[in-house]
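Undergrad: Kindly return the folded structure for what I paste below:
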Amino acid sequence: MKKITKIAFAFLLLAGVTMNAQTALKKGSVTYKMSLSGNDEAAAMMGESTISIHFDEKNQATDMNMMSGMMLMKTITPIGNLKDAKMTIEVMGMKYEIIEVGEEALKANKGLGDLENAIEVAYDKKDTKEIAGFKCYKATVKMNDGTSSVFYITDAIAPQQSVKETKVKLAGYPLEIKVATEQGDMTMTATSFSKELPKDCFTIGEGYTKVTMEEFQKQMGGM
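TA: Residues are numbered from 1 along each chain as shown. The predicted model follows:
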């Protein structure tokens with residue numbers, strides 16, 4: 001469970017950091033399918049997995065469904081304020097709220113599409129594809145460690161706001177992301193967009209036990 005939690009946390013960071021945006025649409029929900037390559041064991045553990053990102057003018061929430069519903073994870077983040085992020089995890093009939101998750105995110109987001117580490121971006125508007133009903137074009141972001149991340153972005157949704165002021169900014173909103181990480185090559189591709197928000201998407205329900213990420217991993221047996 002420790003391995004799959006680490007992968008899930010990385011996907012949530014990728015979504016939370018890269019998608020942290022104030023959009024022209026004011027509010028909406030984007031659902032992505034997630035995949036992992038270069039790590040067959042982890043990919044098999046993930047199974048069929050999706051992540052939905054909900055946003056309005058003040059908040060962003062992510063709902064992740066991993067291992068065909070065996071693990072559910074949620075984050076709620078005020079726009080532009082990763083430090084105050086909240087996270088819940090439901091697994092094996094148990095419900096946890098991870099405390100101090102914002103601090104963990106700030107420490108762990110390096111290399112996960114955080115444009116703070118980007119040195120340049122190259123656009124190729126001839127390389128296009130339609131994703132979730134939006135026309136997208138390719139943006140390749142070069143990081144200061146020599147790696148590159150590939151985004152397909154749309155101009156139909158306003159550019160992102162970074163958690164911190166960054167030298168490099170994307171010209172549009174990413175609907176596909178490919179990033180190399182220590183867990184493997186992560187890909188998120190949007191499958192649908194809705195202008196309607198799920199009820200209570202920015203709130204945490206009752207019945208969650210508050211633990212640190214370390215305590216949670218120990219309770220899961222370090223698997």
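Undergrad: surely N59 meets D200?
TA: No. Using C-beta atoms under 8 Å, N59 is not in contact with D200, being 12.0 Å away. (C-beta placed from N, C-alpha, C; glycine too.)
Undergrad: These two: which is more packed in?
TA: More neighbours surround N59 than the other of N59 and D200, with 17 against 9 (other C-beta atoms under 10 Å).
Undergrad: Would you mark the buried spots in stretch 188-207?
TA: Neighbour counts over stretch 188-207 (16 or more other C-beta atoms under 10 Å) mark M188, T189, A190, F193, L197, C201, F202 as buried.
Undergrad: in the longest strand along the chain, what's buried?
TA: Assignment by DSSP state E gives strand 118-131 as the longest strand of the chain. By 16+ other C-beta under 10 Å, the buried positions in strand 118-131 come out as A118, V121, I131.
Undergrad: need the next SSE after it, C-terminal direction.
TA: Per DSSP states H and E, the first helix or strand lying C-terminal to strand 118-131 is strand 134-143.
Undergrad: average model confidence for the helix or strand that that following strand is followed by?
TA: On the C-terminal side of strand 134-143, the closest following helix or strand by DSSP H and E is strand 148-154. Strand 148-154 comes out with an average pLDDT of 91.
Undergrad: Packing partners of strand 148-154?
TA: strand 118-131, strand 134-143, strand 173-181 (3 or more C-beta pairs under 8 Å, 6 or more residues apart in numbering; DSSP states H and E).
Undergrad: what's the pLDDT at the residue lying farthest from the centre of the chain?
TA: Using C-alpha atoms, centre = their mean, the residue of the chain lying farthest from its centre is K126. It sits 26.7 Å away. Per-residue pLDDT puts K126 at 97.
Undergrad: dump the residue contacts of it.
TA: Residues near K126 by C-beta atoms under 8 Å, 6 or more residues apart in numbering: Y137.
Undergrad: Check the gap between it and A156 for me.
TA: For K126, the distance to A156 (C-beta to C-beta, to the nearest Å) stands at 18 Å.
Undergrad: Was I right to think M213 contacts I98?
TA: Yes. Using C-beta under 8 Å, M213 is in contact with I98, at 5.4 Å.
Undergrad: out of the two, which sits in the busier spot?
TA: Neighbours per residue, other C-beta under 10 Å: of M213 and I98, the larger number sits with I98, 24 against 20.
Undergrad: Run through the bridge partners of that one.
TA: Judged by DSSP bridges, the bridge partners of I98 are M87, V211.
Undergrad: I figured it was touching T209, is that so?
TA: No. If you go by C-beta under 8 Å, I98 and T209 don't touch, sitting 10.2 Å apart.
Undergrad: quick revisit: may I see the helices and strands packed on strand 148-154 organised as TSV, with distance to H54 added?
TA: Shown next, in TSV, are the helices and strands packed on strand 148-154 (distance: least, C-beta to C-beta, whole Å):
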stretch	distance to H54
strand 118-131	18
strand 134-143	17
strand 173-181	14
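Undergrad: Of all the ones you listed, which one comes closest to M64?
TA: M64 lies closest to strand 173-181 among the helices and strands packed on strand 148-154, at 14.7 Å (C-beta to C-beta).
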